[in-house]
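[1] Below are the sequence and a predicted model for it; my questions follow.
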Amino acid sequence: MMRIYTLIFITIILTACEPKHNGAGMSPSGISASAGKQLFVDNCARCHQISGQGGPAPGGLPAPDIRQPRKSPAELRQIITFGFGKMPSFHDSISDMQISEIADYVAVQIERHPEYR
Ligand code: HEC
């Protein structure tokens with residue numbers, strides 16, 4: 001099992017180092033945006049969609065479009081950590097580091113890269 005994670009980790013590093021990213025693949029805090037994307041897909045996309053545009057979520061909750069209004073990484077960290085209205089909190093299920101990665105991904109990547117939508 002650990003081997004798979006190691007492999008995924010290496011793949012993420014290699015992907016982040018591809019020249020086509022030209023530095024733009026790194027978030028403001030220097031964390032690999034690919035890791036943030038995977039964490040977003042795993043933790044957020046079931047409600048907000050991979051695109052971030054939202055829609056009907058499990059339990060009949062409508063999940064809002066999180067691409068707009070634009071939020072700062074700090075605001076996003078707050079929302080992910082403690083939850084927001086009917087949205088669950090994540091501090092029990094993922095680490096602070098992972099929360100930061102997701103926040104940076106949402107703040108920067110979703111909007112800048114149409115191919116992620
Ligand atoms: C179980 C479904 C669900 C999951 C999983 C989920 N959300 Fe949400 N999210 C919601 C709902 C529903 C709301 C609106 C809550 C409200 O207004 O009461 C919301 C609100 C938000 C908002 C605030 C939007 C605004 O209008 O200001 C942000 C940002 C957000 N979510 C990001 C995330 C991120 C990032 C993740 C992954 C870590 C995530 N959400 C996971 C359902 C979810």
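    Structure's in. What do you need?
[2] Contact residues of this protein facing the ligand?
    By Cβ under 6 Å from any ligand atom, the residues of the chain that approach the ligand are 43-44, 46-48, 57-58, 61, 63-64, 66, 71, 76, 79-80, 84-88, 90, 102, 106. Any C-beta I mention is one placed from the backbone N, CA and C, and that applies to glycine too.
[3] among these, which ones are buried?
    Neighbour counting by 16 or more other Cβ atoms under 10 Å classes 43-44, 47-48, 57, 63-64, 66, 71, 76, 79-80, 87, 90, 102, 106 among the residues of the chain next to the ligand as buried.
[4] which one of the residues you listed sits closest to residue 34?
    residue 102 (12.2 Å; Cβ to Cβ).
[5] can you give me the helices in this structure?
    Remark: helices assigned in the chain by DSSP state H are 2-17, 33-43, 45-48, 73-82, 96-104, 110-112.
[6] contacting residues around stretch 62-80?
    Stretch 62-80 has contacts (Cβ atoms under 8 Å, 6 or more residues apart in numbering) with 27-29, 44, 47-49, 51-57, 87, 89-90, 99-100, 102-104, 106-107, 110-111.
[7] Residue 44 contacts residue 102, correct?
    Yes. Between residue 44 and residue 102 there is a contact under Cβ atoms under 8 Å: 6.8 Å.
[8] Would you point out which residue of this structure is nearest the ligand?
    Using Cβ to the nearest ligand atom, residue 85 is the residue of the chain that sits closest to the ligand, at 2.1 Å.
[9] show me where pLDDT drops low in the chain?
    The chain contains residues with pLDDT under 70 at 1-33, 111-117.
[10] how about a cut-off of 90?
    Along the chain, segments meeting pLDDT under 90 span 1-35, 50-51, 56-61, 67-71, 108-117.
[11] buried sites along stretch 95-110?
    98-110.
[12] burial measure for residue 34, as a count.
    Residues lying near residue 34 (other Cβ atoms under 10 Å) number 21.
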